[in-house]
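1. The sequence and its predicted three-dimensional model are supplied below.
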Amino acid sequence: MISQKINENSIRKAKTLIDNANAITVICHTSPDGDAVGSSLAAMRVLSAIGKDVHVVVPDAFLFYLRALPGASEIVDSVKYPEFADKLIADTDLLLCLDFNEPSRVGRLSEALKSSKAPKILIDHHLNPSIDADVIISHPEMSSTCYLLFRFLCRLELFNLIDRQAAECILAGMMTDTGNFSYSCDDPELYIVEAELVRKGVDKAALYRMLFNTNSANCMRLNSYAILHKMELFTDAHLSLITLRREELNRFHYTKGDTEGLVNRPLAIPGIDISLFMRQESDCIRVSLRSVGDIPVNIIASELFGGGGHLNAAGGEYFGTLDEAAEHLKSHLDDIRHRFIDQKKK
Ligand code: 5GP
Ligand code: MN
């Protein structure tokens, strides 16, 4: 019904590893989003249904609104339970690595990941995976890990074990990483998979509300403040920058996830093709980047902020003050304009 994308050899090797495992530990990237949590929970649910003893370990807290996803209460947060998390990774028969491409993306779990003797399967959609895994199923052309995981489970002939709950988790990731099918959404087969998941009983309207339309009053005020007072437009470079300092975040009782989606907003302005959001955290400046069209923000993230990501959505960090981070960007505006805006016009 949908075309085969994952090569047969990887499927065969992954199947053998799963067949031979009893305990399976699933891990994903830091600040887990809907795709990371969704894919991990779906994998846990389906692999549990074939009799495996599955645990999901996350490097740190996931976005609060994802708590409503089926199985989320069973997730082991390695910040809260570091010893248990490390033990699950050290003692497991198989590590399933979902939605990340580099050891550094699992934060404090990177040591446990590197030292684990268990066989590893990586299923991911980020560019250039550098995980030392026995099976690497890497498809950067796919919009989400959940979409790739659905294909993987179907190839293992587990489609019938994807129940409503697992389907909800998979669709959550597909919706998260495409902005509810508004970008990276040109693959027609996405909608075949979506239809199958809805057929499993997912209430898509409720899922949409959970993922995209759940905000506290403080969160709404913070985002409005950021756009009203903190959005700078650099029209020559077709770029917008929003910065938020610790005091500003505190004023609106910021909690993790409150600025999710803020970075996308300036892209609504005609002529703004690149958007950056810088947030002051306790140890660094966290930078989020978004673009429209073929402007590669993953290159800007990598060159200026030691990060990476996808063509249109990337992130990185800056070690210094928020003002220095903003100045660092501003000193590269001409270069950005020259390479990514002017070149395109030619
Ligand atoms: P966000 O802005 O939502 O934090 O991140 C957007 C995307 O950029 C993520 O899905 C991830 O692929 C990528 N990304 C974010 N932060 C980093 C980072 O520090 N390093 C790398 N390599 N990729 C990142
Ligand atoms: Mn993803």
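-> Everything's here; your move. Here the structure is a predicted model, which means the values were calculated and not measured. Numbers count the residues shown, from 1 in each chain. Ligands and ions are numbered 1, 2, ... in the order given.
2. Quick check, pLDDT for residue 214.
-> With respect to pLDDT, residue 214 scores 88.
3. closest point of the stretch 1-150 of the chain to ligand 1, which residue?
-> residue 126 (5.4 Å; CB to the nearest ligand atom). Quick note: C-beta positions are derived from backbone N, CA and C, even for glycine.
4. Return the distance of that residue relative to residue 332.
-> Distance of residue 126 to residue 332, given as CB to CB, to the nearest Å: 24 Å.
5. Looking at the two, which has the bigger crowd around it?
-> residue 126 (20 against 15; other CB atoms under 10 Å).
6. which SS state does the more buried one fall under?
-> Three-state assignment for residue 126 (DSSP: H, G, I helix; E, B strand; the rest coil): coil.
7. which residues touch it?
-> Each residue near residue 126 by CB atoms under 8 Å, 6 or more residues apart in numbering is listed here: 99, 100, 101, 138, 140, 308, 309, 310.
8. Check it and give its pLDDT.
-> pLDDT at residue 126 comes out at 94.
9. can you offset everything so residue one is 57?
-> OK, 57 is where the count begins now, so the last one is residue 182.
10. any idea how far residue 238 is from it?
-> 20 Å.
11. Could you confirm residue 140 falls within a strand?
-> No - counting by three-state DSSP, residue 140 falls outside a strand, being helix.
12. how many other residues sit next to it?
-> Neighbours of residue 140 under the rule other CB under 10 Å: 14.
13. Show the contacting residues for whatever residue of the stretch 257-402 of the chain ends up closest to ligand 2.
-> Using CB to the ion, the closest approach of the stretch 257-402 of the chain to ligand 2 is made by residue 366 at 8.4 Å. If you count contacts by CB under 8 Å, 6+ apart, residue 366 has them with 182, 183, 196, 240, 354.
14. go again using 7 Å as the cut-off
-> Taking CB atoms under 7 Å, 6 or more residues apart in numbering as the criterion, residue 366 is in contact with residue 354.
15. Can you give me the pLDDT of it?
-> Confidence score, pLDDT, at residue 366: 88.
16. Per-residue pLDDT of residue 103, please?
-> 98.
17. What is the host helix or strand of it packed up against?
-> Using DSSP states H and E, residue 103 maps to helix 90-105. Under the contact criterion of 3 or more CB pairs under 7 Å, 6 or more residues apart in numbering; DSSP states H and E, helix 90-105 touches strand 79-83, strand 109-114, strand 150-154, helix 201-211, helix 220-232.
18. For the residue of the stretch 57-206 of the chain closest to ligand 1, give its distance to residue 223.
-> Relative to residue 223, and taking CB to CB, residue 182 is found at 24 Å.
19. ok now do residue 156, which residues does it touch?
-> Contacts of residue 156 were listed using CB under 7 Å, 6+ apart, and they are 84, 85, 162, 180, 182.
20. with those residues in mind, which one is nearest to residue 168?
-> Using CB to CB, residue 162 comes nearest to residue 168 of those, at 8.4 Å.
21. isn't that closest one right up against residue 82?
-> No - the pair formed by residue 162 and residue 82 falls short of the contact definition of CB atoms under 7 Å, at 11.6 Å.
22. element containing the closest residue to residue 176 other than its chain neighbours, please.
-> Nearest residue to residue 176, sequence neighbours excluded (CB to CB, 6 or more residues apart in numbering): residue 189, at 3.9 Å. Per DSSP H and E, residue 189 falls between elements, in no helix or strand.
23. What of residue 296?
-> Assigned by DSSP H and E, residue 296 belongs to strand 295-300.
24. How far off centre is that strand?
-> 21 Å (CA atoms, centre = their mean, to the nearest Å).
25. Grab the nearest non-local neighbour of the residue in the stretch 207-356 of the chain that ligand 2 sits nearest to.
-> As assessed by CB to the ion, ligand 2 sits closest to residue 233 within the stretch 207-356 of the chain, at 4.6 Å. Once flanking residues are discounted, residue 233 sits nearest to residue 200: 3.7 Å by CB to CB, 6+ apart.
26. Go ahead and confirm that neighbour touches residue 229.
-> Yes - judged on CB under 7 Å, residue 200 makes contact with residue 229 at a distance of 4.8 Å.
27. Give me the angle between the helix or strand in which residue 275 is found and strand 295-300.
-> Using DSSP H and E, residue 275 sits in helix 273-286. Inter-element angle recorded for helix 273-286 and strand 295-300: 130 degrees (by axes from the mean of the first three to the mean of the last three CA atoms, to 10 degrees).
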